[in-house]
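Visitor: sequence? don't have it. structure:
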């Protein structure tokens, strides 16, 4: 990334516009690499290749289409080396933005469905080329495009909400398997429809849940709760404010032949549920707190910090002494700022001091 504040000057007439390929050089005009320009974003240039890489592989130099093809093929090959997909795991992340050196591009795979989460202007510009590259992967039959409307506004794109999900060639619900647990995934749901990046954490919760009383706050469609139940938990409760998510979570109980007397899902606001639990003296051995993105940008970081602090303070109070609280943040602005640990410390201090 090249931040806008790090740019001394822009050379060229006419000046570049958003989505253009640009060369980046240091103060002595020695080339650093090339990338994709954005005239309004704090990410002025998303670097695609460093200079030494471009020299080693000139076939990709300044060629976005070729680079996309190479990087997506490489991402698929890496997942294949990791055993993805497999008979007991066909939900996974194919492209992980900067992790696969395609900043702003997320691709999750659900069986033969690929769901693209776009959060950069350049990704929108090269939408058709990206779809073609993904479609070439052997087991992919459909590609669903999901632009992140709010994030793209900061990239200078104002897309109508009607463009949020294109399901013209895809089903609305797909059935997938992860670690031998079956899930219904809504392609109209949050983000790509399923939190593929939490796979190892879900598996860990399964491994420690035997004989435990487990609470999954902001459970969405029940990922952690279902793993806890599969792992032999004594009782499992999932809580979410979304009716559609809770309905799918309940269907997932049936799908996995789990005992509905042992696992249940409740539609409720997380704060209200936890305050009620505290008032009634209820506690759990394992509490999972995985709220939605409360800080989509640095602008709201301060107010979001207060919300994270309050949620975690409540969650700590309903975790039994000696129990385990697993708390998460999917807000990049929060984790990148280094504030999350301080927020947790403040939550703890508010209870015990």
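Guide: Everything's here; your move. Small disclaimer: the values here were computed from a predicted structure and weren't measured.
Visitor: poorly predicted segments of the stretch 151-300 of the chain, please.
Guide: Filtered on pLDDT under 70, the stretch 151-300 of the chain yields the residue ranges 161-170, 294-300.
Visitor: which residue ranges form the strands in it?
Guide: Secondary structure of the stretch 151-300 of the chain (DSSP state E, counting those that start in this stretch): strands at 173-178, 181-186, 213-217, 235-240, 263-267, 284-289.
Visitor: in its sheet, what does the last one sit against?
Guide: For strand 284-289, the pairing partners within the sheet under DSSP bridges are strand 213-217 (parallel), strand 319-327 (parallel).
Visitor: can you tell me which of these is most buried?
Guide: With neighbours defined as mean count of other Cβ atoms under 10 Å, those peak in mean count at strand 213-217, which reaches a mean of 26. For the C-beta atoms, the positions are set from N, CA and C on the backbone; glycine is no exception.
Visitor: by how many degrees do that strand and strand 263-267 diverge?
Guide: Going by axes from the mean of the first three to the mean of the last three Cα atoms, to 10 degrees, strand 213-217 is angled at 30 degrees with respect to strand 263-267.
Visitor: quick one: residues in contact with strand 213-217.
Guide: 205, 222, 224-225, 228-229, 233-239, 270, 273-274, 284-291, 311, 315, 318 (Cβ atoms under 8 Å, 6 or more residues apart in numbering).
Visitor: which helix or strand contains the nearest residue to residue 65 once chain neighbours are set aside?
Guide: Leaving aside its sequence neighbours, residue 65 sits nearest to residue 129 (Cβ to Cβ, 6 or more residues apart in numbering; 5.2 Å). Taking DSSP states H and E as the definition, residue 129 sits inside helix 127-135.
Visitor: what does residue 308 give?
Guide: Counting by DSSP H and E, residue 308 is found in helix 301-317.
Visitor: which neighbouring elements make contact with that helix?
Guide: helix 270-279, strand 284-289, strand 319-327, helix 332-337, helix 339-352 (3 or more Cβ pairs under 8 Å, 6 or more residues apart in numbering; DSSP states H and E).
Visitor: and the angle for that helix with strand 319-327?
Guide: Going by the same axes, to 10 degrees, helix 301-317 makes 140 degrees with strand 319-327.
Visitor: ok so, going back, export the strands of the stretch 151-300 of the chain to CSV and tack on distance to residue 327?
Guide: Formatted as CSV, the entries for the strands of the stretch 151-300 of the chain read as follows, by distance: least, Cβ to Cβ, whole Å:
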stretch, distance to residue 327
strand 173-178, 22
strand 181-186, 22
strand 213-217, 9
strand 235-240, 15
strand 263-267, 20
strand 284-289, 5
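Visitor: any idea which of these is most buried?
Guide: strand 213-217 (a mean of 26).
Visitor: next up, the contacts around residue 26.
Guide: Contact partners of residue 26, counting by Cβ under 8 Å, 6+ apart, are residue 32.
Visitor: likewise for residue 9?
Guide: Counted by Cβ under 8 Å, 6+ apart, residue 9 has zero contacts.
Visitor: one step back: quick one: closest of the strands paired with strand 284-289 to residue 350.
Guide: Among these, the nearest to residue 350 by Cβ to Cβ is strand 319-327 (14.6 Å).
Visitor: as TSV, the helices and strands packed on helix 301-317 with distance to residue 176 would be great.
Guide: Compiled in TSV, the helices and strands packed on helix 301-317 are given as follows (distance: least, Cβ to Cβ, whole Å):
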stretch	distance to residue 176
helix 270-279	26
strand 284-289	20
strand 319-327	23
helix 332-337	25
helix 339-352	30
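Visitor: nearest to residue 104, of these?
Guide: helix 332-337 (11.8 Å).
Visitor: how about the strands in the stretch 1-150 of the chain?
Guide: 2-3, 21-25, 31-37, 43-50, 91-96, 105-110, 113-118, 142-147.
Visitor: so what strands line up beside the shortest one?
Guide: Strand 2-3 pairs in its sheet with strand 43-50 (antiparallel), by DSSP bridges.
Visitor: for the partner strand, buried residues please.
Guide: 43, 44, 45, 46, 47, 48, 49 (16 or more other Cβ atoms under 10 Å).
Visitor: ok, stretch 91-108 next?
Guide: Using 16+ other Cβ under 10 Å as the test for burial, stretch 91-108 gives 91-97, 100-108.
Visitor: likewise stretch 259-277?
Guide: 263, 264, 265, 267, 270, 273, 274, 277.
Visitor: and if you look at stretch 210-228?
Guide: Those would be 212-228, for stretch 210-228 by 16+ other Cβ under 10 Å.
Visitor: need the contact list for residue 309.
Guide: 343, 346, 347, 350.
Visitor: roughly how far does it sit from residue 277?
Guide: 18 Å (Cβ to Cβ, to the nearest Å).
Visitor: do residue 218 as well
Guide: In terms of Cβ to Cβ, residue 218 sits 14 Å off from residue 277.
Visitor: and for residue 242?
Guide: In terms of Cβ to Cβ, residue 242 sits 20 Å off from residue 277.
Visitor: pull the contacting residues for residue 74.
Guide: By Cβ under 8 Å, 6+ apart, residue 74 lies in contact with residue 100.
Visitor: what separation do you get for it and residue 61?
Guide: Separation of residue 74 from residue 61 (Cβ to Cβ): 17 Å.
Visitor: just to revisit the earlier point, for the strands of the stretch 151-300 of the chain, which one sits closest to residue 3?
Guide: From the strands of the stretch 151-300 of the chain, taking Cβ to Cβ, the stretch that ends up closest is strand 284-289, at 31.8 Å.
Visitor: quick one: contacts of that closest one?
Guide: So strand 284-289 is contacted by 205, 208-209, 212-219, 224, 228, 233, 237, 270, 311-312, 315, 318-320, 323-328 (Cβ under 8 Å, 6+ apart).
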